[in-house]
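Undergrad: Here is a sequence together with a model predicted from it:
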Amino acid sequence: MCLPKRVGGPAIQSIATAIGNILCFNFGLIFGITPAHMALYESELKTPLNMATDAAGTAWLTGYLFLSAAIGALCSGVLALRIGPKSVLLCAGLLQITGWFCIHFGYDIIHIYASRLFAGVAAGASFVVLPIFINEIAETREKAARLTFTIELWRTLGILVGFVLGFYMPYDLVNIVGCAVSFVFTMSFPFVQESPHYYLRKNNIPCLEKSLRWYRGIRDIDDREKPEYLSELAEFKAELHSKEKNVGSTPMSQSYIVRLTFVSFLLTVCAKLSGVFVELNYASDFLGRTGYSTETNYIVLASAQCFGALLARLAGPHIPRKLLLCISSLLSAAAVITLALFKTYGNSWLLGNWAERHLPIILLAFQLAFVSFGLYPLAAVVSSEVLPTKLHDLLYSLASAFSWLLLFGMIEAFNAVKATIAPGLVLYLWVFAGASIFVGLISLPLLPETRNRRPSAVQRELGYVDDGGVAKGSAVTNGHIATHI
């Protein structure tokens, strides 16, 4: 990608991340249009298909999206190590545009199912690989954290735009917008360089140097003598030399691996179980006749998510990780617990018609905002800061796949639980609250503080040290934990 010479390394990293975030935006877009289009597919008069389908048929749309996301997440971690994160993201972009084509040219519900399968695989891969890509191109851990916080902002913005397009714009025009967004990514991202860490794993020094120069804004030959660039390049070469000699590859202790696995699963699974996707997909059920019109309710909730994600991007990198995770989790839990109690005992509270009409949507909006402010984005940020890179890639991929599967189960079981269990909706709210409380209470004693700390200090606090007190097998490359185990 040809950029002006005055565009420096940090700006290039931000541009590459923004292009990659189009995938997250596109997932939000296809998720956001689903509630509105489900009503269209069921309508005998307005359906764009050859024949209308029933509620049982449309109920699988979101389920297939999350089920295929689990498949994409499960495969993407290994693929990122083998073919590179850029290549995986490019494949995800092709799958997304294929999904939009299935919607635009589809005339049967099977074609709509296929669109969700393609989009789901792309989404599962994107949400796993994009944080990996960001960590491998960023020049510092602080820069990587700032860029990773943007993923949540793009996802929530996509959901908001999806709700607006789905409810207020013609069906065919929505699909054209989706295809255009996918086209922008597919045409732009090939010009982005592969990460230097991928070439390090492949022992390709010439391509490593080219990639490193591009992401550090080194264009002139004279700039190649900058001390910062030479120092970072020397670290890469030293890492490669150590790997060739099998130096620093001391096996990890079993207890350390178990603890890291638990930390990764804790954050990733609880972020999904916080209720974001279930509440947005079934907002009309959770709110009932309260709030405003169905369309307005969806947009209000999506706007609350965007507001929380925007605050996370602006303030999140400057707040201690443990504090932000604890506060956001407990506040989101407080909001959803209040909503559960109101649905159970609200009739006896005598708060008046205004409270009965508006309090549920206010509480749900607060909960979604707090989740997007801390719990959801920190699942990716903290995992990348406490895990060695290769272990993080594999465990985060596995944890994400497991989380998407749980989410698929919750989505598909929703109507059955609501119909067979009297307080079915309240049961879901208590599950969401429990997941958030668990993170809030465990984060302080269990997780190490990673903000503005060197990887060796983080690993030392977790107990991964040798007899001399130095982190084993964790050579520092540009502030990141080493790529090898």
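TA: Everything's here; your move. Numbers count the residues shown, from 1 in each chain.
Undergrad: which residues touch the most centrally placed residue in the chain?
TA: Nearest to the mean C-alpha position of the chain, counting by Cα atoms, centre = their mean, stands F127 at 4.4 Å. Residues near F127 by Cβ atoms under 8 Å, 6 or more residues apart in numbering: C24, F27, A69, A73, I151, A380, S400. Any C-beta I mention is one placed from the backbone N, CA and C, and that applies to glycine too.
Undergrad: Quickly name whichever of these is closest to A145.
TA: Taking Cβ to Cβ as the measure, A145 lies nearest A380 of these, at 9.5 Å.
Undergrad: pretty sure that closest one contacts I151?
TA: Yes: A380 lies in contact with I151 (Cβ atoms under 8 Å); the separation is 6.6 Å.
Undergrad: shared neighbours of the two, which are they?
TA: F127, P131.
Undergrad: Who are the packing partners of the host helix or strand of T62?
TA: T62 belongs to helix 60-83 when elements are defined using DSSP states H and E. Secondary-structure packing of helix 60-83 (3 or more Cβ pairs under 8 Å, 6 or more residues apart in numbering; DSSP states H and E): helix 9-42, helix 85-105, helix 109-137, helix 276-281, helix 389-420.
Undergrad: what is the orientation angle of the second one with helix 60-83?
TA: It stands for helix 85-105. 150 degrees (axes from the mean of the first three to the mean of the last three Cα atoms, to 10 degrees).
Undergrad: what is the mean pLDDT for helix 85-105?
TA: For helix 85-105, mean pLDDT is 95.
Undergrad: For it, could you pull out the residues that count as buried?
TA: 85-86, 88-93, 95-104 (16 or more other Cβ atoms under 10 Å).
Undergrad: and what of the longest one?
TA: By neighbour count with 16+ other Cβ under 10 Å, helix 9-42 contains the buried residues 9-10, 12-14, 16-17, 19-38, 40-41.
Undergrad: Output stretch 45-65 as CSV, restricted to C-alpha atoms.
TA: Extracted in CSV, the C-alpha atoms of stretch 45-65 (Å, rounded to 0.1, in the frame of the first residue of the first chain):
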residue,chain,number,x,y,z
LEU,A,45,-46.9,-10.5,1.6
LYS,A,46,-43.4,-9.0,2.1
THR,A,47,-41.1,-12.0,1.9
PRO,A,48,-38.2,-11.6,-0.6
LEU,A,49,-38.1,-15.4,-0.9
ASN,A,50,-40.1,-17.7,-3.2
MET,A,51,-42.3,-18.6,-0.2
ALA,A,52,-42.5,-17.5,3.4
THR,A,53,-41.0,-19.5,6.2
ASP,A,54,-42.3,-20.0,9.7
ALA,A,55,-40.8,-18.8,13.0
ALA,A,56,-39.1,-22.2,13.5
GLY,A,57,-37.3,-21.7,10.3
THR,A,58,-36.1,-18.2,10.9
ALA,A,59,-35.0,-19.1,14.5
TRP,A,60,-32.0,-20.9,13.0
LEU,A,61,-30.6,-17.8,11.4
THR,A,62,-28.7,-16.5,14.4
GLY,A,63,-28.0,-20.1,15.5
TYR,A,64,-26.2,-21.0,12.3
LEU,A,65,-24.3,-17.7,12.5
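Undergrad: Just the buried positions in that stretch, please.
TA: 47-49, 52-53, 57-65.
Undergrad: Residues contacting that stretch, please?
TA: With Cβ under 8 Å, 6+ apart, stretch 45-65 has contacts from 30-31, 34, 37-38, 40-44, 106-109, 112-113, 116-117, 119-120, 123, 171-172, 277, 281, 408, 411-412, 415.
Undergrad: Is K343 within a helix or a strand, and which one?
TA: helix 321-345.
Undergrad: buried ones in that helix?
TA: For helix 321-345, by 16+ other Cβ under 10 Å, it's 321-322, 324-340, 342-343.
Undergrad: the bottom helix or strand of the chain by mean pLDDT?
TA: Using mean pLDDT, DSSP states H and E, the weakest-scoring helix or strand in the chain turns out to be helix 455-462, at a mean of 64.
Undergrad: Now do the same for the residue of the chain positioned farthest from its centre: helix, strand or coil?
TA: Most distant residue from the mean C-alpha position of the chain: L350, 40.6 Å away (Cα atoms, centre = their mean). State at L350, reduced to three classes by DSSP: H, G, I helix; E, B strand; the rest coil: coil.
Undergrad: So it versus E356, what's the distance?
TA: 10 Å (Cβ to Cβ, to the nearest Å).
Undergrad: Can you report how many residues neighbour P206?
TA: Here the number of neighbours of P206 (other Cβ atoms under 10 Å) works out to 8.
Undergrad: Could you tell me the per-residue confidence at it?
TA: On the pLDDT scale, P206 gets 91.
Undergrad: Checking it next. Helix, strand or coil?
TA: Applying three-state DSSP: P206 is helix.
Undergrad: re the thing from before, quick check: angle from the helix holding T62 to helix 389-420?
TA: Following the same axes, to 10 degrees, one obtains 170 degrees for the angle between helix 60-83 and helix 389-420.
Undergrad: Does P10 touch A144 like I think?
TA: No: at 11.4 Å, P10 does not count as touching A144 under the criterion of Cβ under 8 Å.
Undergrad: list the residues that contact both of those two?
TA: In terms of Cβ under 8 Å, 6+ apart, P10 and A144 are not both contacted by any residue.
Undergrad: ok and the one helix or strand A433 maps to relative to helix 321-345, angle-wise?
TA: Assigned by DSSP H and E, A433 falls within helix 424-446. With the same axes, to 10 degrees applied, the angle from helix 424-446 to helix 321-345 works out at 160 degrees.
Undergrad: So what's the residue count around the nearest residue to F105 once chain neighbours are set aside?
TA: In space, F105 comes closest to H111 once its chain neighbours are excluded; the distance is 7.5 Å by Cβ to Cβ, 6 or more residues apart in numbering. H111 has 15 neighbours, counted by other Cβ under 10 Å.
Undergrad: got it, and G308?
TA: 28.
Undergrad: For stretch 399-416, the averaged confidence score.
TA: Mean predicted confidence for stretch 399-416 is 89.
Undergrad: which residues touch that stretch?
TA: With Cβ under 8 Å, 6+ apart as the test, stretch 399-416 has contacts from 59-60, 62-63, 66-67, 69-71, 73-74, 124, 127-128, 264-265, 268-269, 271-273, 277-278, 281-282, 285, 383, 424, 428, 431.
Undergrad: now stretch 83-94
TA: 20, 22-23, 72, 76, 79-80, 121-123, 125-126, 129-130, 132-133, 136, 182, 185-186, 189-190, 192-195, 198.
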